[in-house]
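Participant: Turn this into a model:
(one chain, ligands or ions: 1)
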Amino acid sequence: MSNDRLNDVIEQTEKFVKNFDKFYGGRLYLDKDFIPIEPQVPTAELETEFQPVQSAEDTKPKSIKKPEQKNPEPKNPEPKNKDNGSVAAEDFFGNVEVKREDWEFVETLEELNNKIKDCKKCELWKTRTNFVFGVGDPKADVVVIGEAPGADEDIQGEPFVGRAGQLLNKILAATGFKREEVYILNILKSRPPGNRNPLPEEVDACRPYLDKQLKLINPKLILLVGKVAAESLLKTKDPLNKLRGKTHDYKGWKVRVTFHPAALLRNPNWKRPTWEDMLQFKAMYEDITGKKLEAQSDDI
Ligand code: SF4
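Facilitator: As a prediction, this is how the structure comes out:
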């Protein structure tokens with residue numbers, strides 16, 4: 001290529017870059033959020049801009065306005081990270097940055113309660129009377145988990161109150177635990193209307209709070225009560241009878257499963273298998289902790 005031709009190519013390239021800069025504000029790299037825009041400069045003017053240089057007059061900068069984007073969409077859409085409730089966003093280069101929420105940084109259950117008690121992440125906030133966080137010893141060896149607050153819990157703001165709660169207290173006492181020595185909570189913190197089963201999306205929305213509670217308590221053993229709680233947390237469709245009598249894993253914590261006290265009120269025949277489950281739970285607890293449990297009562 002002759003020197004004249006080479007100079008011409010260089011000149012054309014510089015011209016192109018200069019024009020590109022005018023139209024697109026210096027953005028030579030396009031990310032996937034970029035919205036194509038209609039040039040607002042008359043085509044004739046554009047053509048003039050790309051004509052070969054004829055004279056010094058042609059090289060003077062033209063007064064071309066930077067076109068505005070139509071219907072700009074928010075950049076960096078913020079999808080929810082299902083596993084921990086954090087918000088994920090992509091930067092200009094497509095790197096995924098996880099924005100952690102305030103409550104994820106707390107170091108006590110009390111702080112966590114204060115941060116999340118006005119939660120509106122699922123529709124249940126609209127019908128709840130009270131947010132039901134949980135109750136018990138923040139450093140408990142044992143955590144008892146149910147599915148969701150019922151009517152009494154919703155009114156009082158505490159899990160496992162009412163008749164089912166009283167029966168749970170008796171089961172715990174017969175096993176050797178005082179209610180205040182364990183931590184009691186539900187997967188959902190707001191009551192589903194009419195005590196219906198939690199929807200999968202409600203469990204997904206609320207489970208990060210449960211995970212944070214478990215991290216702060218760090219129990220030795222978890223007792224899951226009821227088929228719905230077991231299905232939701234262990235992500236299984238196995239019947240309760242298949243889940244009982246085994247040790248399951250939830251994110252590194254050992255989990256045992258038994259009937260929900262409310263189910264025992266409906267069907268007292270399930271008290272016997274529940275008691276068998278609790279004897280196994282007690283043996284496992286004593287084995288793990290080296291502590292000996294003494295029954296507080298034998299009334300179930
Ligand atoms: S159930 Fe959980 S996620 Fe839904 S509003 Fe209540 S606290 Fe928030």
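
Participant: Doesn't Ile145 belong to a strand?
Facilitator: Yes - the assignment for Ile145, made by DSSP: H, G, I helix; E, B strand; the rest coil, places it in a strand.

Participant: Dig out what it forms beta bridges with.
Facilitator: Leu185, Leu224 (DSSP bridges).

Participant: wait, what's in contact with it?
Facilitator: Leu185, Asn186, Ile187, Leu210, Ile222, Leu223, Leu224, Val225, Ala229, Leu233 (CB atoms under 8 Å, 6 or more residues apart in numbering). The C-beta positions use only the backbone N, C-alpha and C, and glycine is treated the same way.

Participant: How many neighbouring residues does Ala263 have?
Facilitator: Residues lying near Ala263 (other CB atoms under 10 Å) number 16.

Participant: Apologies, that question was intended for Lys220.
Facilitator: Counted with other CB under 10 Å, Lys220 comes out at 15.

Participant: CSV for the contacts of Ile145, including neighbour count, distance to Leu6 and pLDDT?
Facilitator: Formatted as CSV, these follow (neighbours: other CB atoms under 10 Å; distance: CB to CB, whole Å; pLDDT from 0 to 100):
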residue, neighbour count, distance to Leu6, pLDDT
Leu185, 24, 75, 98
Asn186, 25, 75, 98
Ile187, 20, 71, 98
Leu210, 21, 68, 98
Ile222, 23, 74, 98
Leu223, 26, 80, 98
Leu224, 27, 76, 98
Val225, 28, 81, 98
Ala229, 23, 75, 96
Leu233, 21, 70, 94
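
Participant: Nearest to Thr13 among the residues you listed?
Facilitator: Leu210 (59.4 Å; CB to CB).

Participant: So the closest one: helix, strand or coil?
Facilitator: Looking at Leu210 with three-state DSSP, the answer is helix.

Participant: so it touches Tyr183, yeah?
Facilitator: No - at 11.3 Å, Leu210 does not count as touching Tyr183 under the criterion of CB atoms under 8 Å.

Participant: ok, now which ones touch the closest residue to Val142 other than its chain neighbours?
Facilitator: Nearest residue to Val142 in three dimensions, chain neighbours excluded: Val182, at 4.4 Å (CB to CB, 6 or more residues apart in numbering). Counting by CB under 8 Å, 6+ apart, Val182 touches Gly136, Asp137, Ala140, Asp141, Val142, Val143, Val144, Leu172.

Participant: Between the residues you listed, identify the one with the most neighbours.
Facilitator: Result: Val144 is most packed of those (other CB under 10 Å), 28 neighbours.

Participant: That one: what's it in contact with?
Facilitator: Val144 touches Phe160, Leu168, Leu172, Val182, Tyr183, Ile184, Leu185, Ile222, Leu223, Val225, counting by CB under 8 Å, 6+ apart.

Participant: Tell me which residues of stretch 104-115 come out buried.
Facilitator: For stretch 104-115, burial by neighbour count (16 or more other CB atoms under 10 Å) applies to Glu104, Val106, Leu109, Leu112, Asn113, Lys115.

Participant: Apart from its neighbours in sequence, what residue is nearest the fifth one?
Facilitator: Just to be clear, that refers to Asn113. Per CB to CB, 6+ apart, closest to Asn113 is Phe133, 4.5 Å.
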